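Asks: Requesting a structural model of the entry that follows:
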Amino acid sequence: MDIMHFLTETDFGRCVFTTLVSMIPIIELRGGIPFGVALGLPYQEAFVSAVIGNIIPAPFIIVYIRKIFMMMRWYMPRLNGVVDKMEKKAHLKGQKVSKYKYIGLWLFVAIPLPGTGAWTGSLAAAFLDMRLRKDMQNELKKIQQAIGITFIFVTHDQEEALSMSDTVVVMDKGEIQQIGSPIDIYNEPKNAFVADFIGESNILDGTMIEDYLVEVAGQRFKSLDSGFGKMAPVDVVIRPEDIDIVPTGSAAAHINGVVTSVTFKGVHYEIIVDVDGFKWMIQTTDSANVGDKIGLALTPDDIHVMAKSVYSGTMGDYSTFSDEMEEALQEEGSEHED
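Replies: Residues are numbered from 1 along each chain as shown. Predicted coordinates:
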């Protein structure tokens, strides 16, 4: 039995064909239902198949469309005009439904008129301040817990991976780097790739002087790690939220640096501090001004030691805010412009 015979001559095949057609932009329900009826499906079956096909793309559009637009702008600058047009359309449609929030969006998607539909509605929802993405995450988790089956959720979003999963598998180029609970993955990353991928990280070269004593940033710190051997080269990860700001010259100041950037994030400040050329990120409720000299205080619990790996040295000092990383991004951007 060839594929076209299956899709046109069997009841299940007609349902599948109708579902696939209804996933196509513009066609959607307005074309999917008549298509299914024309294939010979009863109206009820054609309707259900078309609705299923129309719904399938919606979550992916809502969750990933912004990232897709960003990638298109970066890697395909010639399509900027198309992206601008799509974003403008999404904002205009969003203004029409935002007054009524979810009811407005539901009516906008459900009524099969020109310019409406799940694709356009999902695009509008992605640009509305409706918290649909977080709501969808919560609903998916509730469904999984209610029916008691295993969900495999593939994502590049750190927040999604940590908030929705009982077990996280971090992969790079098809190879598993670490498997564990969200808490273990975040607090005990196995290598620089995992530490840099899951959450913001300050990752530095260090030397394990001996068990429970590590040297990093020119200072020696007590740590909770052991088993690396004496004077062993290691990677050290320090999360931005674990760093305390203290006055320079005080007994608590283990490291001193100069503030180069301050961004207010609502619940905290995101501060970049230059320490001998290495850009540290700090997330704190304490404010600071650009140009301020500040001290950084760390406790043994704030310092996580990792063995060197194939990822060691691939990003200079591994910090996503290092001068080396900034230069690499600028060079890559120049290549794409050329």
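Asks: Which helix or strand contains the nearest residue in space to Ala288 that is not next to it in sequence?
Replies: If the residues on either side of it in the chain are set aside, Ala288 comes closest to Val259, at 5.0 Å by C-beta to C-beta, 6 or more residues apart in numbering. The C-beta positions use only the backbone N, C-alpha and C, and glycine is treated the same way. Using DSSP states H and E, Val259 maps to strand 255-264.
Asks: in its sheet, what does the helix or strand following that strand sit against?
Replies: Helices and strands here follow DSSP H and E; after strand 255-264, the next one along the chain is strand 269-275. Strand partners for strand 269-275, identified by DSSP bridges, are recorded as strand 255-264 (antiparallel), strand 278-284 (antiparallel).
Asks: Just the CA coordinates for the first one, please, in CSV.
Replies: Spelled out, it's strand 255-264. Taking only C-alpha atoms (Å, rounded to 0.1, in the frame of the first residue of the first chain), the coordinates of strand 255-264 have been written out as CSV:
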residue,chain,number,x,y,z
ILE,A,255,38.2,39.7,45.8
ASN,A,256,38.0,43.3,44.7
GLY,A,257,36.8,44.7,41.4
VAL,A,258,35.2,47.6,39.5
VAL,A,259,31.6,47.7,38.5
THR,A,260,31.2,48.1,34.7
SER,A,261,27.5,47.5,34.3
VAL,A,262,24.3,47.6,36.4
THR,A,263,20.9,46.4,35.1
PHE,A,264,17.8,46.5,37.3
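Asks: Give me the mean pLDDT for it.
Replies: Taken as a whole, strand 255-264 has a mean pLDDT of 92.
Asks: I would like the residues contacting that strand, please.
Replies: Outside strand 255-264, the residues that touch it by C-beta atoms under 8 Å, 6 or more residues apart in numbering are 217, 219, 248-249, 269-276, 279-280, 287-296, 298.
Asks: can we see that at 6 Å?
Replies: Under the criterion C-beta atoms under 6 Å, 6 or more residues apart in numbering, residues 217, 248, 269-275, 288, 290, 292-293, 295-296 lie in contact with strand 255-264.
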